[in-house]
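**Student:** sequence and predicted structure below; questions after.
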Amino acid sequence: MDAAVQEAKLLRQVNALIVAHLRDQNLTQAAAAVAAATMTPVSAAKDDVSLPNHLLRLVAKGLAVEQGEAARGGGVAAAFDSAAAAGGGGMGRPLGTNAVDFSMQNVKDPSKSFSKHEAKHISDHKNVARCAKFSPDGRYFATGSGDTSIKFFEVAKIKQTMLGDSKDGGRPVVRTFYDHMQPINDLDFHPTSPILISAAKDNTIKFFDFSKTAARKAFRVIQDTHNVRSVCFHPCGDYILAGTDHPIAHLYDVNTFTCYLAANPQDCSAAINQVRYSDTGSLYVTASKDGSLRIWDGVSAECVRTISGAHGSAEATSAIFTKDERYILSCGKDSSINLWEVGTGRLVKQYAGAVNGQFRCQAVFNESEEFVISTDEQTREVVVWDALTTEKVARLPSGHTGAPRWLEHSPVEPAFVTCGNDRSVRFWKQTA
């Protein structure tokens with residue numbers, strides 16, 4: 001993950017150098033086109049380049065080093081080329097190598113079949129189950145409720161209960177955390193440490209250490225000024241994005257709790273339903289109650305693209321990046337699920353057939369991004385589409401007796417969680 005983050009930063013620096021170089025050569029239109037295509041803020045290009053012809057100077061130095069290494073029989077260039085040829089690590093690996101190519105239009109291949117899944121009712125909250133989140137390694141997940149509690153589950157134990165060989169009496173809940181005064185809105189796991197954070201209507205973000213078996217209370221608290229609707233860790237783990245009733249995302253330094261706001265809010269006026277970082281942290285997206293999506297620079301916190309009316313006048317309730325960071329999947333209370341191109345803001349694909357107009361619906365990819373999965377609050381079904389063809393390939397009875405409120409997929413395997421108005425939590429896994 002650290003290598004990917006560093007790679008993304010280097011790519012951003014290269015883009016800024018190119019834009020600045022074109023501008024220095026009075027190629028204003030070309031500079032503007034590259035800046036728009038790569039979403040490089042003009043201010044970033046100015047800040048990163050302090051000398052005229054800076055790019056030419058760096059290229060000249062690089063060529064000199066390369067020629068010197070070549071004369072000695074290898075070196076930097078050879079190492080770079082061998083890493084790229086091997087396809088493993090290094091700067092030669094393109095971002096999102098294993099991602100689905102959503103640029104394919106009018107796909108004529110038949111849609112893929114969605115494998116059969118079995119579901120198990122694993123627990124109940126005392127009030128509406130409002131959100132769920134898997135850990136990055138897929139070993140754990142947690143659910144948050146209107147009863148202010150957070151239930152923490154271990155996936156391996158749930159699988160044991162589904163096989164009927166559980167040794168602890170079939171109790172998949174590892175523990176329950178109680179430390180909020182108002183309903184839980186969202187959850188996230190630290191990318192590397194055993195820390196779970198929660199966002200709630202009591203204007204707080206709380207930190208729970210799940211490595212300590214006796215811990216039931218938060219060990220740290222961020223006190224915000226607004227209802228915290230959504231939270232997301234930066235991939236490096238040092239920062240947290242918070243989407244609140246305030247129209248601008250709040251960026252917190254995890255070590256100091258210092259709060260930063262974007263310098264160019266771009267006429268934002270509506271509360272934020274969801275915030276999510278891209279895999280490298282180079283970008284983040286906000287989904288707002290006014291139906292808009294906004295894409296932000298993950299370093300400068302500048303708004304680089306606004307997709308107004310992404311869901312008409314209805315609320316945009318969820319938004320996530322694809323693995324290659326080229327597209328965003330969004331869901332809204334207009335019953336639409338849309339795929340947007342990050343570089344242009346163009347609508348690429350639509351997934352129709354699920355009704356959601358009352359609650360905060362979620363649309364997600366499966367672990368391979370071959371399928372889009374959501375819920376239908378009227379029929380209480382789980383709905384599945386082929387991500388490339390957009391064809392609806394499955395409608396699965398959820399087993400919930402009330403409208404499902406959240407669906408969260410494992411990042412590592414064919415398994416997901418649903419929870420909702422009936423207070424229940426159901427775990428789904430692919431059958432052999």
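**Tutor:** Sure, I can see it.
**Student:** can you list the weak-confidence ranges in the stretch 101-250 of the chain?
**Tutor:** 104-106, 165-170 (pLDDT under 70).
**Student:** what ranges do the strands span in it?
**Tutor:** With strands called from DSSP state E, counting those that start in this stretch, the stretch 101-250 of the chain shows them at 117-124, 129-134, 140-145, 149-154, 173-178, 184-189, 195-200, 204-209, 220-223, 228-233, 239-244, 250-253.
**Student:** how far does the fifth one sit from its chain's centre?
**Tutor:** Between the centre of strand 173-178 and the centre of its host chain there is 25 Å, according to C-alpha atoms, centre = their mean, to the nearest Å.
**Student:** same check on stretch 416-432?
**Tutor:** In terms of C-alpha atoms, centre = their mean, the centre of stretch 416-432 is set 20 Å apart from its chain centre.
**Student:** in it, what counts as buried?
**Tutor:** 416-429 (16 or more other C-beta atoms under 10 Å). For every residue, glycine as well, the C-beta is placed using N, CA and C.
**Student:** taking those together, which two end up most distant?
**Tutor:** Longest distance between any two of these is 23.1 Å, between 421 and 429; criterion C-beta to C-beta.
**Student:** how deep is residue 327 tucked in, by neighbour count?
**Tutor:** 24 (other C-beta atoms under 10 Å).
**Student:** how much space separates it from residue 199?
**Tutor:** Noted for residue 327: a distance of 25 Å to residue 199, by C-beta to C-beta, to the nearest Å.
**Student:** repeat for residue 223
**Tutor:** 12 Å.
**Student:** quick one, which of the two is more surrounded?
**Tutor:** Counted by other C-beta under 10 Å, residue 223 and residue 199 do not tie: residue 199 has more neighbours, with 30 against 11.
**Student:** is it true that the more buried one touches residue 207?
**Tutor:** No. With contact defined as C-beta atoms under 8 Å, residue 199 does not count as touching residue 207 (11.4 Å).
**Student:** what about the nearest residue to residue 388 once chain neighbours are set aside, how many neighbours?
**Tutor:** By the measure of C-beta to C-beta, 6 or more residues apart in numbering, the closest residue to residue 388 outside its immediate chain neighbours is residue 107, 4.8 Å from it. The tally of other residues near residue 107 (other C-beta under 10 Å) stands at 15.
**Student:** surely residue 107 meets residue 391?
**Tutor:** No. Counting by C-beta under 8 Å, residue 107 sits too far from residue 391 to count as a contact (9.3 Å).
**Student:** what residues are bridge-paired with residue 154?
**Tutor:** Following DSSP bridges, residue 154 is listed with bridge partners residue 140.
**Student:** nearest to residue 354, of the strands of the stretch 101-250 of the chain?
**Tutor:** Among the strands of the stretch 101-250 of the chain, if distance is taken as C-beta to C-beta, the winner is strand 117-124, at 17.0 Å.
**Student:** tell me the contacts of the nearest residue to residue 138 once chain neighbours are set aside?
**Tutor:** Once flanking residues are discounted, residue 138 sits nearest to residue 412: 3.7 Å by C-beta to C-beta, 6+ apart. Counting by C-beta atoms under 8 Å, 6 or more residues apart in numbering, residue 412 touches 137, 138, 367.
**Student:** now the second one: how far from residue 386?
**Tutor:** Plainly put, residue 138 is 23 Å away from residue 386 if you go by C-beta to C-beta.
**Student:** same thing with the first one?
**Tutor:** Distance, residue 137 to residue 386, using C-beta to C-beta: 27 Å.
**Student:** who has more neighbours out of those two?
**Tutor:** Neighbours per residue (other C-beta under 10 Å) separate residue 137 from residue 386, with residue 386 holding more: 21 against 13.
**Student:** what sits closest to the more buried one if chain neighbours are left out?
**Tutor:** Per C-beta to C-beta, 6+ apart, closest to residue 386 is residue 111, 3.7 Å.
**Student:** could you do residue 131 as well?
**Tutor:** By the measure of C-beta to C-beta, 6+ apart, the closest residue to residue 131 outside its immediate chain neighbours is residue 144, 4.6 Å from it.
**Student:** check residue 126 too.
**Tutor:** Spatial nearest neighbour of residue 126, chain neighbours left out: residue 147 (4.0 Å); criterion: C-beta to C-beta, 6+ apart.
**Student:** ok, residue 316 next?
**Tutor:** In space, and not counting its chain neighbours, residue 316 is closest to residue 287: 3.9 Å by C-beta to C-beta, 6+ apart.
**Student:** check the secondary structure at the one you found for me.
**Tutor:** The three-state assignment at residue 287 reads strand, by DSSP: H, G, I helix; E, B strand; the rest coil.
**Student:** for it, give me its contacts.
**Tutor:** Here residue 287 is in contact with 272, 273, 274, 275, 293, 310, 316, 317, 318, 319, 330, 332 (criterion: C-beta under 8 Å, 6+ apart).
**Student:** now restrict these to buried residues only.
**Tutor:** 272, 273, 274, 275, 293, 310, 316, 317, 318, 319, 330, 332.
**Student:** in CSV, list the strands of the stretch 101-250 of the chain along with distance to residue 268.
**Tutor:** What follows is the strands of the stretch 101-250 of the chain, written out as CSV (distance: least, C-beta to C-beta, whole Å):
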stretch, distance to residue 268
strand 117-124, 37
strand 129-134, 23
strand 140-145, 26
strand 149-154, 30
strand 173-178, 32
strand 184-189, 19
strand 195-200, 19
strand 204-209, 20
strand 220-223, 21
strand 228-233, 14
strand 239-244, 11
strand 250-253, 12
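**Student:** please enumerate the helices of the chain.
**Tutor:** Along the chain, the stretches classed as helices by DSSP state H are 2-24, 28-38, 42-48, 54-71, 76-86, 155-163.
**Student:** hey, least reliable of the ones you listed by pLDDT?
**Tutor:** Mean pLDDT across the helices of the chain is lowest at helix 76-86; the value there is a mean of 38.
**Student:** which residue is the nearest non-sequential neighbour of residue 378?
**Tutor:** residue 355 (4.5 Å).
**Student:** let me fix that: residue 260
**Tutor:** Counting by C-beta to C-beta, 6+ apart, the residue nearest residue 260 is residue 251, at 4.3 Å.
**Student:** isn't the residue nearest to residue 386 up against residue 394?
**Tutor:** No. Residue 111 is beyond contact range of residue 394, at 10.2 Å (criterion: C-beta under 8 Å).
**Student:** and the end-to-end length of stretch 376-387?
**Tutor:** Distance between the two ends of stretch 376-387: 17 Å, counting by C-alpha to C-alpha, to the nearest Å.
**Student:** quick one: it to chain centroid distance?
**Tutor:** On the basis of C-alpha atoms, centre = their mean, stretch 376-387 sits 21 Å off its chain's mean C-alpha point.
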